[in-house]
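Asks: Task: produce atomic coordinates for the following.
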Amino acid sequence: MKRISALILAFALTFALSSCGSKEQGSTEDYYHLTFSMHTAADTPIGRQFQAMFDDIEAKTDGHVKISLFGSGTLASSTDVADMVSDGACDIGWLFTSFYYGQYPLTDVIAVPGQGAQSCVQGTKVLWDLWEQYPELRDEWSNYKVLVMFPNPVNYVYTNTEIDSLDDLNGLSIRSPSGGIAEVLGDLGCNVISMSPNDIYDGISKNNIQGYALEPTGVADYSLGEVTKSVLDVEMFQAPFVTIMNKDTWNSLPPEYQAVFEEWSGLDASLKFAEMWDATAEGNMQDLLDSGCVMADIPEEDHERFQQVADAYASSWAEQYSTDSFDAYEYYESCQAAYDRYAE
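Replies: Reported below is the predicted structural model:
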C-alpha cells in the first residue's frame, strides 16, 4: 500500500515526481492507494460490483482512499492471492476457497453437496450465521480482515451431449472444482478432471472433456453455451468466496476510513453482492435454455441416488474434521439447519 501525504502529493504534482510516505502516521490528510486482485475478468458482473464498492469508498473518503482493481489474475493468480495478501504484496484479494482445498475446511462446509442450496442469498445468510456462531470458523481467517463473504450461485453439471439420467454421466470426463463435488461426481461414475475455467471451452470443443460443474454466470462469462447441450436438473452445490484485506493495511487506516470500509463489510454488504449474482445467474440460465440447451429432468430415483451419495460424503467430511475439541458433525448439522431455515 502506498501512503502519500497531502503535502508531498502537492510537491509531487508541482515537480511531476512520484513520492511515497507521509508526515504523520494515521492522519486523514494522508492518501492511500490500495490494490485489489481477482481471478476473473474485471469486466464481468462481479467485477463491476467490486468497482462500484471501491468507487463508493473513494467518494466517501473524499478521494483519500483509492483502490485499483486488477482482474484476470494479473496481479495475483487464483492460487497465490492468499499468500500475496498475507505478505502485503496485494492489499485486498478475492479468494475462492475451492482453489485452496483443505485450508479453510469450516468455510467450505457450504460446498458439501446436497444441502439444498437454492441461491447465493441463501448461502450468504448461512455463511454469516456460522461466522457469528462459531469462533473456529472465524479463526480460519484470523490473519486477515474479512470484508465480504458470499458463495457463488448454485452449480449444476453441464454436458456436450443430451442426457436423461445419472447413468448417462457414467464414464464421462467432467471438469470439477476440488472437494466434495469432485468426490460425489466420482462416486457417480464420472471421470473427474481438474482444470481452470478458462480451459473448459477448449476441452469441450476437443472432446477431451464432455461436461463440467459450474454456475450459470461462469457459463456465460466463458461463452460455454456455444458448446453445451444439456444441464442436469440437480442443484449440486455452491462454494464460498471471501474478500480478504491485509491486516497491516487495515491497521494503518485511520478510524474514519476504517468506518467507511465497515459499511462494505459483513452480512448486509455481502448480500448486495449475492442479490446481484443471483439476478445475473437467473438471466444467464434463461439465456442458455433459450439458445436450445436442454434442462435434463432426471427421474426421482436419480435424485434420491444423488442425495445418498452426497449424504455419504457429508458423513466422511464430518469425520475428517472432527477433533477432540470440535464436533464437525454438529457443525455440519448447524449448516444444514441454516440452509433449511433460509429455504426459499
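
Asks: Helices of the stretch 101-250 of the chain, start to end?
Replies: Using DSSP state H, counting those that start in this stretch, the helices of the stretch 101-250 of the chain run over 120-133, 135-139, 180-187, 200-205, 216-221, 247-252.

Asks: Can you name the next helix or strand after the last one?
Replies: Looking back up the chat, that one is helix 247-252. As assigned by DSSP states H and E, the chain's next helix or strand after helix 247-252 is helix 255-263.

Asks: Output the contacting helices and strands for that following helix.
Replies: helix 45-60 (3 or more CB pairs under 8 Å, 6 or more residues apart in numbering; DSSP states H and E). (Glycine included, C-beta is placed from N, CA and C.)

Asks: And the helix it packs on, what's buried?
Replies: For helix 45-60, a neighbour-count test (16 or more other CB atoms under 10 Å) marks 45-47, 49-51, 53-54, 57, 60 as buried.

Asks: Of all pairs in those, which one is the farthest apart?
Replies: Using CB to CB, the buried residues of helix 45-60 span at most 22.9 Å, a distance reached by 45 and 60.

Asks: mind checking how far the closest residue to residue 169 other than its chain neighbours is from residue 172?
Replies: Closest residue to residue 169 apart from its sequence neighbours, by CB to CB, 6 or more residues apart in numbering: residue 190 at 5.4 Å. According to CB to CB, to the nearest Å, residue 190 and residue 172 sit 6 Å apart.

Asks: Which residues are in contact with each of the two?
Replies: Shared contacts of residue 190 and residue 172, defined by CB atoms under 8 Å, 6 or more residues apart in numbering, comprise residue 211.

Asks: pull the helix or strand with minimum mean pLDDT from the chain.
Replies: Lowest on mean pLDDT, DSSP states H and E among the helices and strands of the chain sits helix 6-15, with a mean of 35.

Asks: what's the next secondary structure element after it?
Replies: strand 30-37.

Asks: from the chain's centre, how far out does that following strand sit?
Replies: 22 Å (CA atoms, centre = their mean, to the nearest Å).

Asks: Which residues belonging to that strand are considered buried?
Replies: 30-32, 34-37.

Asks: Could you do stretch 79-97 as well?
Replies: Using 16+ other CB under 10 Å as the test for burial, stretch 79-97 gives 80-82, 84-86, 89-97.

Asks: Likewise for stretch 336-344?
Replies: Of the residues in stretch 336-344, 336, 338-339, 342 count as buried by neighbour count, 16+ other CB under 10 Å.

Asks: follow-up on the earlier one: now, the most widely separated pair of the buried residues of strand 30-37?
Replies: Largest separation among the buried residues of strand 30-37 by CB to CB: 30 and 37, giving 23.0 Å.

Asks: Break down the stretch 151-300 of the chain into its strands, ranges please.
Replies: With DSSP state E, counting those that start in this stretch as the criterion, the stretch 151-300 of the chain has strands at 156-159, 173-175, 191-193, 211-214, 230-232, 240-246, 294-296.

Asks: which one is residue 54 nearest to, not counting chain neighbours?
Replies: For residue 54, the spatially nearest residue (CB to CB, 6+ apart) is residue 67, at 4.0 Å.

Asks: Point me to the helix or strand that includes the one you found.
Replies: Per DSSP H and E: strand 65-70 holds residue 67.

Asks: Residue 283 - how many residues pack around it?
Replies: By other CB atoms under 10 Å, the residues close to residue 283 number 14.

Asks: Relative to residue 143, how far out is it?
Replies: Distance of residue 283 to residue 143, given as CB to CB: 37 Å.

Asks: so residue 171 makes contact with residue 186?
Replies: No - Residue 171 is not in contact with residue 186 according to CB atoms under 8 Å; the separation is 11.8 Å.

Asks: Pick out whichever of these two has more residues nearby.
Replies: Legend: neighbour count by other CB under 10 Å for residue 171 and residue 186, higher for residue 186 (15 against 10).

Asks: List the contacts of that one.
Replies: Counting by CB under 8 Å, 6+ apart, residue 186 touches residue 192.

Asks: which helix in the chain runs the most residues?
Replies: helix 266-290 (DSSP state H).

Asks: who touches it?
Replies: By CB under 8 Å, 6+ apart, the surrounding residues in contact with helix 266-290 are 45-46, 49, 53, 119-121, 123-125, 127-128, 147-154, 215-217, 219-220, 225, 228, 231, 263, 295.

Asks: For PyMOL, write the selection for the buried entries among the residues you listed.
Replies: A single PyMOL command selects the buried members of these (16+ other CB under 10 Å):
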select buried, resi 45+46+49+53+119+120+121+123+124+125+127+128+147+148+149+150+151+152+153+154+215+216+217+219+220+225+228+231
